[in-house]
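[1] could you work out the structure for the sequence below:
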Amino acid sequence: MKKRIVIFDDDQTRRDSLSMLINMCEDMTCVGTFVSAANAVAKVKEIQPDMVLMDIDMPQGDGISGTRQIKEVFPDLPVIMQTVFDDNENIFEAIKAGANGYLLKKTPPDKLLEQLREALLGGAPMTGAVAIKVLQFFREKPITASYNLSLREQGILKLLVAGHSYKMIANKSNISYFTVCNHIKKIYDKLHVNSATEAVRIAIQEKLTD
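    Okay, here's the model as predicted:
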């Protein structure tokens, strides 16, 4: 069954091109497009999508507020932010609002589809330029809480924050996929969260790093 995706974006050309791209896929379909995030919760309730693509900068209902409202009602629904901006304030506000990923609009179509599929599988994709800013933030900020994370767990959390999938984390850490899953389960337990999105949010807010 195809995954159902809705798009919030005030740029009609962008909405049309995204919906066309998604509808060309065998595993995804666009089931709604909207010009703002105003009344986003009501629209999501009506359509019941599997994922939301959310623009940040919209005049009648910005994406960060819309994401926060959606996540309060649908905490497990993946919301992927899209923007032309990669400034720190937007990145971290989007993550704190509960966004599952943060992609720049200039992301190539094939890479965008790959990242959407990753998010549908529970990942937290980020465009490379965004991931670099997030990792730089971790290097510059001091630790404010440890949560008793081991060095291995801190390393895996940093990779998760940078948008890597479980498979990518396994490859970079030279451990098995199964071992990554075990470490992430322990991270969730220590952070008292139930998803990658919540773990990333806590990591950003608490500046967890090694």
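
[2] contact partners for residue 9?
    Shown in contact with residue 9 (C-beta atoms under 8 Å, 6 or more residues apart in numbering): 15, 18, 33, 34, 35, 53, 55, 58, 82. Backbone N, C-alpha and C define where each C-beta goes, glycine included.

[3] ok, now with 7 Å
    15, 55 (C-beta atoms under 7 Å, 6 or more residues apart in numbering).

[4] how close does it get to residue 30?
    Per C-beta to C-beta, to the nearest Å, residue 9 is found 11 Å from residue 30.

[5] residue 99 too?
    Residue 99 is 19 Å from residue 30, by C-beta to C-beta.

[6] do the same with residue 59
    22 Å.

[7] kindly report the domain assignment for the protein.
    Per automatic domain parsing, the domain ranges recorded for the chain read 3-127, 141-206.

[8] need those domains in JSON lines with distance to residue 133, can you?
    Converted to JSON lines, the domains of the chain look like this (distance: least, C-beta to C-beta, whole Å):
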{"stretch": "domain 3-127", "distance to residue 133": "6"}
{"stretch": "domain 141-206", "distance to residue 133": "10"}
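
[9] which of these has the lowest mean pLDDT?
    The stretch with the lowest mean pLDDT among the domains of the chain is domain 141-206, at a mean of 81.

[10] figure out how far that one is from the centre of its chain.
    15 Å (C-alpha atoms, centre = their mean, to the nearest Å).

[11] the residue of the chain most remote from its centre: what's it in contact with?
    The C-alpha centroid of the chain is most remote from residue 148, which lies 25.0 Å away (C-alpha atoms, centre = their mean). By C-beta under 7 Å, 6+ apart, the contact list for residue 148 reads residue 190.

[12] for this structure, what's the longest helix?
    As assigned by DSSP state H, the longest helix anywhere in the chain is helix 177-191.

[13] what comes up buried for the following helix or strand past that one?
    Counting by DSSP states H and E, the element after helix 177-191 in chain order, helix or strand, is helix 196-206. Across helix 196-206, burial judged by 16 or more other C-beta atoms under 10 Å covers 196, 197, 198, 199, 200, 201, 202, 203, 204.

[14] what does stretch 164-184 give?
    164, 165, 166, 168, 169, 170, 173, 180, 183, 184.
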